[in-house]
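Participant: build me a model:
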Amino acid sequence: MTQRGYYGPFGGRYVPETLMAALEELLGAQAQGHRVVMPVDWEALRNRGQGPISPLVGELVPWRQPEEGSAPVQAGPAPADLQSLQDMVRDHAARALGVSPEELGWDRPLREHGLDSLMALELRNSLARATRRNLPATLAFDQPTLREMAAFLAGPGVPAPARAASPSLPARLAALDDIALIGVGCRFPGGIEGPESFWQALLEGRDAITEVPPDRWDVEAFYDPTPGLPGKTTSRWGGFLSGVEHFDAAFFGIPPFQAERMDPQQRLLLEVAWEALERAGLPPEGLAGTQTGVFMGLTEQEYGRLHLRHAQDLDAWSTGGNSAAMASGRLSLQLGLQGPSMTVDTACSSSLVAVHLAMASLRSGESDLALAGGVTLMLTPAVSVAASQSRLLASDGRSKPFDALADGLVWSEGCGVVVLKRLAEARRDQDPILAVLRGSAINQDGRAGGLNGPALEAVVRRALHQARV
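Facilitator: Next up, the predicted model:
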């Protein structure tokens, strides 16, 4: 410190002696909590524009209501400065990306120039400092191009680049049938074999994550804590089902040699769908010839890849036993169902999209009953090794969502199937109604800057609108 002192709020001058006394008091404080020393631009806080100030500093910087008739403080540069603002945005983006400004296209998403999440945060922080504004952490994802970002920073009065209009939400959605969920079947890690044991596990707060079991792969051969090593995974953890090799083929009338060639995911779907129908009070063998639809989510097909190691043993049954289409088709075939039958792969959302499609099929009348759900098993370390190259896995096997300590995700497996029916008919038939589904929606973000852009807001709004919420 120097003898010139430091300025506090509202122009008050703090001399070094005052600061040392404050520091001594701070260090000797017995109160609980965190003590923080930080530089604050009080004048900027007082003059940040109209509206209430953050509660975090509200007691330190009382809000000054603008005098009547005074011009409002601009939230950003005036429209006339748009060109210079665009140039500034391009310069900051170029520094974050480590390229020259001339390499960046005005209407090309920055992610196509190599922008990742860390670069996006760096860009947002540098623009926040330059404009002296509190900018959203998702700036580079919500405004994926330089032109859109500059228009956003310019504030009201500057027309944003033209975007395709969001589809209107038709009023007729209010007349759509509500859908009843009348049966559930599931198999999840931790010995969960039905909705009752699933609920009990939730009540107990049971942790179902374990180290990779030896019957899946040799974790020691593939594990290494160093991120990015080729052929290695940074996690030893996951959620695994036990006994996936067991299957009562005779119960389903499937010959043993054919069952051996079936992906265990197909076998799980047969068992869990049967259990879901039984819990709904519907004898599965009595559904033959009915308009019952099957909509199942499935992404990985590792059993088929394992079969390729023994190509000399492949035959016609191997094809059907490892086809994604047969995951749903086998259910329809086994039970004699004549409604739509399809397997859905939209990555992590596959089972949710399957439920959406089932609801649409029931509402359109092409199905009178629907089985919807999904299944996934991890039979090889392939997915974990690939995810480790992108540093997606939590090293301790804990996802920690919304936590500052979050460092990745943990893979898990399982199978879940629900039985769906139009609500009015479920009430008429006195079916057990476990839940009512009123709305759902799907869309795609198109050429956006990330996975959680404006389309995410739009799809939530559409689902809420359909649900009449």
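
Participant: for the nearest residue to residue 222 once chain neighbours are set aside, list the residues it contacts.
Facilitator: Nearest residue to residue 222 in three dimensions, chain neighbours excluded: residue 381, at 4.6 Å (C-beta to C-beta, 6 or more residues apart in numbering). No exception for glycine: its C-beta is placed from N, CA and C like everyone else's. Taking C-beta atoms under 8 Å, 6 or more residues apart in numbering, we find residue 381 in contact with 212, 216, 217, 222, 233.

Participant: if we go to 6 Å?
Facilitator: 217, 222, 233 (C-beta atoms under 6 Å, 6 or more residues apart in numbering).

Participant: check residue 366 too.
Facilitator: So residue 366 contacts nothing (C-beta under 6 Å, 6+ apart).

Participant: at 10 Å what do you get?
Facilitator: 291, 293, 339, 340, 360 (C-beta atoms under 10 Å, 6 or more residues apart in numbering).

Participant: out of these, which sit inside strands?
Facilitator: The strands, defined by DSSP state E, take in residue 293 from these.

Participant: re the thing from before, quick one: which of the contacts of residue 381 is nearest residue 417?
Facilitator: For those, the residue nearest residue 417 by C-beta to C-beta is residue 217; the value is 27.3 Å.

Participant: ranges for the helices of the stretch 51-200 of the chain?
Facilitator: 82-97, 117-131, 139-142, 146-154, 195-204 (DSSP state H, counting those that start in this stretch).

Participant: mind putting the ones you listed into TSV with mean pLDDT, distance to residue 273 and mean neighbour count?
Facilitator: Listed next are the helices of the stretch 51-200 of the chain as TSV, based on pLDDT from 0 to 100; distance: least, C-beta to C-beta, whole Å; neighbours: other C-beta atoms under 10 Å:
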stretch	mean pLDDT	distance to residue 273	mean neighbour count
helix 82-97	88	49	19
helix 117-131	87	39	17
helix 139-142	84	38	22
helix 146-154	88	46	22
helix 195-204	95	14	13
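
Participant: make JSON lines from the ones you listed and add distance to residue 456 to it.
Facilitator: Formatted as JSON lines, the helices of the stretch 51-200 of the chain follow (distance: least, C-beta to C-beta, whole Å):
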{"stretch": "helix 82-97", "distance to residue 456": "23"}
{"stretch": "helix 117-131", "distance to residue 456": "16"}
{"stretch": "helix 139-142", "distance to residue 456": "10"}
{"stretch": "helix 146-154", "distance to residue 456": "17"}
{"stretch": "helix 195-204", "distance to residue 456": "27"}
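
Participant: so where's this protein shaky on pLDDT?
Facilitator: 1-81, 156-175, 309-312, 314-318, 448-454 (pLDDT under 70).

Participant: how close does residue 228 sit to residue 192?
Facilitator: 34 Å (C-beta to C-beta, to the nearest Å).

Participant: more neighbours: those two, which one.
Facilitator: Higher neighbour count among residue 228 and residue 192: residue 192, with 20 against 11, using other C-beta atoms under 10 Å.

Participant: check contacts around the more buried one.
Facilitator: 186, 198, 199, 200, 201, 202, 206, 208, 241, 414.

Participant: what about the fourth one, distance to residue 193?
Facilitator: Going back to what we said before, that points to residue 200. Separation of residue 200 from residue 193 (C-beta to C-beta) stands at 11 Å.

Participant: could you pull out the strands for the chain?
Facilitator: 6-7, 13-14, 179-187, 210-211, 237-238, 292-297, 341-344, 369-376, 414-422, 435-437.

Participant: now render those strands as JSON lines, adding distance to residue 467.
Facilitator: Below are the strands of the chain laid out as JSON lines (distance: least, C-beta to C-beta, whole Å):
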{"stretch": "strand 6-7", "distance to residue 467": "55"}
{"stretch": "strand 13-14", "distance to residue 467": "57"}
{"stretch": "strand 179-187", "distance to residue 467": "11"}
{"stretch": "strand 210-211", "distance to residue 467": "38"}
{"stretch": "strand 237-238", "distance to residue 467": "34"}
{"stretch": "strand 292-297", "distance to residue 467": "20"}
{"stretch": "strand 341-344", "distance to residue 467": "21"}
{"stretch": "strand 369-376", "distance to residue 467": "17"}
{"stretch": "strand 414-422", "distance to residue 467": "15"}
{"stretch": "strand 435-437", "distance to residue 467": "8"}
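
Participant: and of the ones you listed, who's closest to residue 90?
Facilitator: Checking those against residue 90 by C-beta to C-beta gives strand 6-7 as the closest, at 35.5 Å.

Participant: tell me the contacts of residue 416?
Facilitator: 184-188, 195, 198, 269, 272, 276, 297, 351, 372-375 are the contacts of residue 416 under C-beta under 10 Å, 6+ apart.

Participant: please redo it, this time with the cut-off set to 6 Å
Facilitator: 186, 373.

Participant: give me the distance between it and residue 442.
Facilitator: For residue 416 relative to residue 442 (C-beta to C-beta), the value is 19 Å.

Participant: returning to that earlier point: let me have the contacts of residue 192 in a markdown table, extended by distance to residue 106.
Facilitator: Formatted as a markdown table, those follow (distance: C-beta to C-beta, whole Å):
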| residue | distance to residue 106 |
| --- | --- |
| 186 | 50 |
| 198 | 51 |
| 199 | 54 |
| 200 | 57 |
| 201 | 52 |
| 202 | 50 |
| 206 | 53 |
| 208 | 49 |
| 241 | 51 |
| 414 | 46 |
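
Participant: which of the residues you listed sits closest to residue 286?
Facilitator: residue 186 (22.6 Å).

Participant: who does that closest one bridge with?
Facilitator: In this entry, residue 186 is beta-bridged to residue 416, by DSSP bridges.

Participant: what's around it, how many residues?
Facilitator: There are 19 residues near residue 186, going by other C-beta under 10 Å.

Participant: nearest spatial neighbour of residue 223, skipping sequence neighbours?
Facilitator: Going by C-beta to C-beta, 6+ apart, residue 223 has residue 236 as its nearest residue, at 5.2 Å.

Participant: and that neighbour, how far from residue 220?
Facilitator: 9 Å.

Participant: which one of those two is surrounded by more residues?
Facilitator: Taking neighbours as other C-beta under 10 Å, residue 236 and residue 220 compare with residue 236 leading, 18 against 10.

Participant: so the more buried one makes contact with residue 219?
Facilitator: Yes. Judged on C-beta atoms under 6 Å, residue 236 makes contact with residue 219 at a distance of 5.3 Å.
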